[in-house]
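> Sequence plus the predicted model coming up.
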Amino acid sequence: MIRQWKMALYWKLPVFLQEAGLSIYARKLEKIYYGTGYEEYRQWLRTWKTWSHAEIVSHQNHRLREIVQLAGMHVPYYREKWKTAFWRNVHSASDLSLLPRLDKQELRRHEGAFLVEGLDPKSLWVEKTSGSTGTSLRVYWPMTMVPKWWAMTESTVRNVAEVGQDVPRAMMGGRPIVPGASLSGPYWRYNRHWRQLYLSSYHVSRRTAPEYAEAIRTYGSEWITGYPSAIAALAEGALDANVAPIKLTSAIVSGDTLTASMRTSIEQFFQCKCFDSYGQCEGVCVAMECAWGRMHVVSSVGIIEILRDDGSPCLPGEIGEMVATGLMNDAMPLVRYRLGDMAAWSKDTGCLCGSPEPIIESIEGRMDDYLITEDGRQIGRLSTATKRSPSIHSAQIVQDRPGHAYLLVRPSEGYQTKDAEMVREDILERIGDFHIDIVEVSEIPRTAQGKTRLVVRLCEKPEVAERYALLLRGAAS
């Protein structure tokens with residue numbers, strides 16, 4: 001309610017006052033993000049990049065032992081749940097199987113029990129995410145972790161793409177910076193202190209794309225970051241409107257799935273390399289694509305496991321569940337935290353970029369992206385099928401009842417109906433007896449947070465059922 005009240009007041013302010021408020025807030029954040037500890041940790045990360053694989057593993061294991069000991073002795077939740085677990089025997093990443101995995105819902109239900117005893121929540125930094133359920137999830141960080149996190153972001157994400165905090169940028173994320181009902185611009189706000197142009201992800205179209213592009217030129221943005229689906233929509237809208245390409249240094253995307261078609265559109269319009277990255281508000285792991293297109297884990301942040309359904313580790317190339325143990329949080333340690341995403345380790349252990357960090361071959365989407373058959377089976381791991389055709393910009397599977405779903409397809413350049421039919425056949429090979437209707441759409445619906453989901457089961461999301469019913473009727477007419 002407080003946030004809604006603040007937003008209502010914000011919308012009433014003239015644009016110049018809104019932007020002044022953003023700059024004032026940025027100054028406040030700057031002291032926290034880039035204050036005490038930031039430069040020291042950046043220097044440490046520079047030495048980290050010279051470490052061998054053995055040195056990295058040794059540091060990881062040392063930090064892991066500290067985190068597990070802290071959790072087992074001073075965190076009420078783990079102290080109770082690990083009564084029968086041999087947590088004192090965890091000395092390395094290979095010993096993590098001695099501990100149970102942690103579900104996100106457990107964290108939601110017992111949030112306070114995950115805090116280290118004696119800490120006042122008011123003295124901590126709070127990261128919030130609504131997640132796929134819409135229920136707020138709060139994760140507490142020690143204040144000392146915040147500048148370390150941004151030092152890590154600068155060194156292992158931005159600098160890899162040859163940009164940084166001091167370089168003017170454009171951003172397209174999930175914040176509603178412009179009222180959703182707005183029919184006229186500007187569809188952005190400018191934070192002068194950080195030279196950050198925040199573009200609305202919710203108002204991009206062929207009609208508005210030229211205005212967005214002109215704003216990027218006017219404000220001198222040199223790189224762009226945010227959701228790949230939103231940035232690609234801007235690039236495609238601008239290309240369709242015959243807007244002259246903009247030469248940027250790089251694009252760094254995260255938050256939803258980057259398809260081959262999205263990457264092509266982004267790189268074509270912005271005349272730069274598009275880097276994919278992976279992370280989450282919980283702060284338990286990060287991965288970043290290098291200049292050679294390989295997704296490297298940032299091992300200083302956390303330990304990633306990729307597991308089969310029975311909890312055993314997957315072999316390279318084998319898709320499994322991502323589980324992470326954070327190594328940076330001494331206030332609310334998350335041990336063997338189930339991220340809800342699927343991935344596979346690369347079969348190759350080396351990379352031309354020279355980094356010894358582990359390589360993730362593919363991040364295949366969320367574990368709850370599954371379809372339900374008439375006999376009650378849950379069929380997941382479907383994102384590979386939707387990624388195979390470069391002529392399909394994006395796709396979404398909408399299930400209205402067991403045994404039946406709609407495949408929403410947003411066409412890209414060179415699209416033919418047979419491309420969608422091939423995706424459908426690929427999905428049916430995994431499912432068997434199932435009926436899928438193909439529906440071509442101009443846009444794939446996003447969540448309230450601005451992200452796109454691969455699978456939407458309408459029986460579990462009645463709040464969006466009417467929206468999809470209108471979309472499907474419109475596509476059929």
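Arrived safely. Numbers count the residues shown, from 1 in each chain.
> shaky segments in the protein?
1-4, 130-136, 180-181, 365-369, 377-381, 383-390, 430, 448-451, 476-477 (pLDDT under 70).
> and if we set it to 50?
The model of the chain has pLDDT under 50 over residues 1-2, 132-135.
> Break it into its domains for me.
2-34+149-278, 52-147+279-365, 368-476 (automatic domain parsing).
> could those go into CSV alongside distance to Arg46 and mean neighbour count?
To be clear about C-beta, it is placed using only N, CA and C from the backbone, and glycine gets the same treatment. Compiled in CSV, the domains of the chain are given as follows (distance: least, Cβ to Cβ, whole Å; neighbours: other Cβ atoms under 10 Å):
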stretch, distance to Arg46, mean neighbour count
domain 2-34+149-278, 7, 18
domain 52-147+279-365, 12, 17
domain 368-476, 33, 17
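> Need the residues that contact the longest helix anywhere in the chain.
Assignment by DSSP state H gives helix 53-74 as the longest helix of the chain. For helix 53-74, the surrounding residues in contact (Cβ atoms under 8 Å, 6 or more residues apart in numbering) are 48, 51, 78-79, 82, 87-88, 90-93, 96, 99, 116-118, 299-300, 303, 325-327, 330, 333, 335, 356-357.
> which secondary structure elements does the helix or strand following that helix contact?
Under the assignment DSSP states H and E, the closest C-terminal helix or strand after helix 53-74 is helix 76-81. If contacts are counted by 3 or more Cβ pairs under 8 Å, 6 or more residues apart in numbering; DSSP states H and E, helix 76-81 sits against helix 53-74.
> Now Thr325: closest residue in space, sequence neighbours ignored.
Ile303 (4.7 Å; Cβ to Cβ, 6 or more residues apart in numbering).
> hey, C-alpha coordinates of the longest helix of the chain in CSV?
This file holds the C-alpha atoms of helix 53-74, laid out as CSV (Å, rounded to 0.1, in the frame of the first residue of the first chain):
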residue,chain,number,x,y,z
HIS,A,53,41.1,-23.4,-11.6
ALA,A,54,42.6,-25.1,-8.5
GLU,A,55,43.0,-21.8,-6.7
ILE,A,56,39.4,-20.9,-7.5
VAL,A,57,38.1,-24.2,-6.2
SER,A,58,40.2,-23.9,-3.0
HIS,A,59,38.7,-20.5,-2.3
GLN,A,60,35.2,-21.7,-3.0
ASN,A,61,35.6,-24.6,-0.6
HIS,A,62,37.0,-22.4,2.1
ARG,A,63,34.1,-20.0,1.8
LEU,A,64,31.6,-22.8,1.6
ARG,A,65,32.8,-24.2,4.9
GLU,A,66,32.3,-20.8,6.5
ILE,A,67,28.8,-20.4,5.1
VAL,A,68,27.7,-23.9,6.2
GLN,A,69,29.1,-23.5,9.7
LEU,A,70,27.3,-20.2,10.0
ALA,A,71,24.0,-21.7,8.8
GLY,A,72,24.3,-24.8,10.9
MET,A,73,25.1,-23.0,14.2
HIS,A,74,23.4,-19.6,13.9
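> Tell me how far Arg336 lies from Trp11.
42 Å (Cβ to Cβ, to the nearest Å).
> typo on my end, Ser250
Noted for Ser250: a distance of 33 Å to Trp11, by Cβ to Cβ.
> which one is the spatially most central residue of the chain nearest to, not counting chain neighbours?
Centroid-nearest residue in the chain, with Cα atoms, centre = their mean: Gly255, separated by 2.6 Å. Once flanking residues are discounted, Gly255 sits nearest to Tyr227: 4.4 Å by Cβ to Cβ, 6+ apart.
> thought that neighbour was touching Met171?
No - between Tyr227 and Met171 there is no contact, the gap being 9.7 Å when judged by Cβ atoms under 8 Å.
> coming back round to it: among the contacts of helix 53-74, name the ones in helices.
48, 78-79.
> which other residues reach stretch 19-39?
Under Cβ under 8 Å, 6+ apart, the answer for stretch 19-39 is 10, 13, 125, 143-144, 146-148, 150-151, 165, 189-194, 196, 198.
> what do you get if the cut-off is 10 Å, keeping everything else the same?
The contact list for stretch 19-39 (Cβ atoms under 10 Å, 6 or more residues apart in numbering) reads 10, 13-14, 42, 125, 143-151, 153-154, 165, 177, 188-196, 198.
> what distance separates that stretch from the centre of its chain?
Offset of stretch 19-39 from its chain centre (Cα atoms, centre = their mean, to the nearest Å): 23 Å.
> rewinding a little: correct me, but the residue nearest to Gly255 touches Thr452?
Yes - assessed by Cβ atoms under 10 Å, Tyr227 is found in contact with Thr452 at 8.0 Å.
> Quick check: neighbours shared by these two?
Common neighbours of Tyr227 and Thr452 (Cβ under 10 Å, 6+ apart) are 255-257, 446.
> so which of the residues you listed comes closest to Met422?
Thr257 (18.6 Å; Cβ to Cβ).
> mind exporting the helix or strand hosting Val423 as CSV, just the C-alpha atoms?
According to DSSP H and E, Val423 maps onto helix 417-431. What follows is helix 417-431, C-alpha atoms only, in CSV (Å, rounded to 0.1, in the frame of the first residue of the first chain):
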residue,chain,number,x,y,z
THR,A,417,3.8,-21.6,-41.1
LYS,A,418,5.9,-24.8,-41.4
ASP,A,419,8.4,-23.4,-38.9
ALA,A,420,5.7,-23.3,-36.2
GLU,A,421,4.5,-26.7,-37.3
MET,A,422,8.0,-28.1,-36.8
VAL,A,423,8.1,-26.6,-33.3
ARG,A,424,4.8,-28.3,-32.6
GLU,A,425,6.0,-31.6,-33.8
ASP,A,426,9.1,-31.3,-31.7
ILE,A,427,7.0,-30.7,-28.6
LEU,A,428,4.6,-33.6,-29.5
GLU,A,429,7.5,-36.0,-29.8
ARG,A,430,8.2,-35.4,-26.1
ILE,A,431,4.5,-35.5,-25.0
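> and that helix, what other elements does it pack with?
Helices and strands touching helix 417-431, by 3 or more Cβ pairs under 10 Å, 6 or more residues apart in numbering; DSSP states H and E, are strand 371-372, strand 378-379, helix 383-387, strand 392-401, strand 404-411, strand 435-440.
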